[in-house]
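1. Model the following, please.
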Amino acid sequence: MTDAARARPLALVGVTASGKSALAMELARHLGDVELVSVDSMQVYRGMDVGTAKPSAAERAEVAHHGIDLVDPIEEFTVTDFQATVADALDGIAARGHRAVLVGGTGLYLRAIIDRLDIPGRYPGVAAELSAELDTAALHRRLASLDPVAAARIDPANRRRLLRALEVCLGSGRPFSSYGPGLEAHPPTPFDLVGVWLPRAVVAARIEARLAAQLDAGFLDEVRRLAARYRPLSRTAAQALGYRELLAHLHGDSTLDEAVELTRARTRRFARRQRVWFRRDPRITWIGAGADPMAALPALLRHAEAMSAAP
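-> Okay, here's the model as predicted:
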């Protein structure tokens, strides 16, 4: 068995625009026998290329990639669908004696893979009925009667989580808490988690530069082609960073400058949420990179090689 097959699969995480994909490519080039798995909820959609910063055709030809271009953007693709698809890909990578390196920043999708989450289904009709209840305290009291364990875990003021827990209880017929301890728990995992950490100001500047490059590369034309299709984008795809704002511009709801500024601001907020999400996970080994993400490569290589050599 090769060192790659013996090594734990690695997940490289970090906020958007932190250089994860470029680092993962360099890691694959140095190590060999590495296949990359995208953990990005929007790169699953075919035709959404520029705005999701997908790896180029040349990069995909050089290193095998998984989790990309799985469905058309008019289709809904859930975290459960992603979980099943990536599980199959990981089995194939292991069977070939290669090492999987997961790379991306969609936190829930990552947790679904590394922790094998038991994910409840969606029940839109139930959710719509529950949303009509405006009294959040009443929602918490109802959850306490149906699932006291879940009610004790959830902040009584967190309306979104209360609605989701009740949706699952009523829609599935089983307690929300029966699906596991929730995202607050960080159990042992067979994956080796490494994060790249850049200063906030550096991330903000990189977001700005990436968006400018995407617009120069035809981001607006890409969105225009998607909007011209005979069916609208799925609810999830239409919410992607930049796509929502540029679609609104094409529909006459904003100027291009306004759409770009909204995209810039929304991406910065997304990066802040990612930073908070990943900081909560004590299993992640963080590597600082200063102003240049590639400065993290030597430490990342040492870490990966040490994990390969571990018994």
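
2. Could you use CA atoms for every contact and neighbour count after this?
-> OK.

3. State the mean pLDDT of the biggest helix by length in the chain.
-> Looking across the chain with DSSP state H, the single longest helix is helix 256-279. Across helix 256-279, the average pLDDT comes to 97.

4. got a list of contacts for that helix?
-> By CA atoms under 8 Å, 6 or more residues apart in numbering, the residues outside helix 256-279 that reach it are 13-16, 105-107, 204, 207-208, 211, 241-242, 245-246, 248-249, 284.

5. now stretch 162-177
-> The contact list for stretch 162-177, computed with CA under 8 Å, 6+ apart, reads 120-123, 126-127, 130-131, 139-140, 142-143, 146-147, 149-151, 154, 156.

6. At which residues are the helices of the chain located?
-> Applying DSSP H to the chain gives helices spanning 3-6, 20-31, 57-62, 79-95, 107-114, 124-131, 136-146, 148-153, 159-172, 200-216, 219-227, 243-250, 256-279, 297-309.

7. circling back: could you flag which of the contacts of stretch 162-177 are buried?
-> 120, 126-127, 130-131, 139-140, 143, 146-147, 149-151, 156 (16 or more other CA atoms under 10 Å).

8. Looking at those, which two lie furthest apart in space?
-> Ser131 and Val149 (21.7 Å; CA to CA).

9. The residue of the chain positioned farthest from its centre and Asn158, how far apart?
-> Computed with CA atoms, centre = their mean, the residue of the chain farthest from its C-alpha average is Ser145, at 33.5 Å. According to CA to CA, to the nearest Å, Ser145 stands 17 Å off from Asn158.

10. what's the answer for His249, then?
-> In terms of CA to CA, His249 sits 33 Å off from Asn158.

11. more crowded one of those two?
-> Neighbour tally, His249 and Asn158, criterion other CA atoms under 10 Å: the higher count belongs to His249, 18 against 12.

12. Would you mark the buried spots in stretch 162-176?
-> 162-171, 175-176.

13. can you give me how far it is from the chain middle?
-> The chain centroid and the centroid of stretch 162-176 are separated by 24 Å under CA atoms, centre = their mean, to the nearest Å.

14. Where does the prediction get shaky in the chain?
-> The chain contains residues with pLDDT under 70 at 1-6, 309-311.

15. Who are the contact partners of Pro282?
-> Pro282 touches His186, counting by CA under 8 Å, 6+ apart.

16. One more: Thr85?
-> Gly67.

17. What's the separation between it and Ala112?
-> Taking CA to CA, one finds Thr85 at 11 Å from Ala112.
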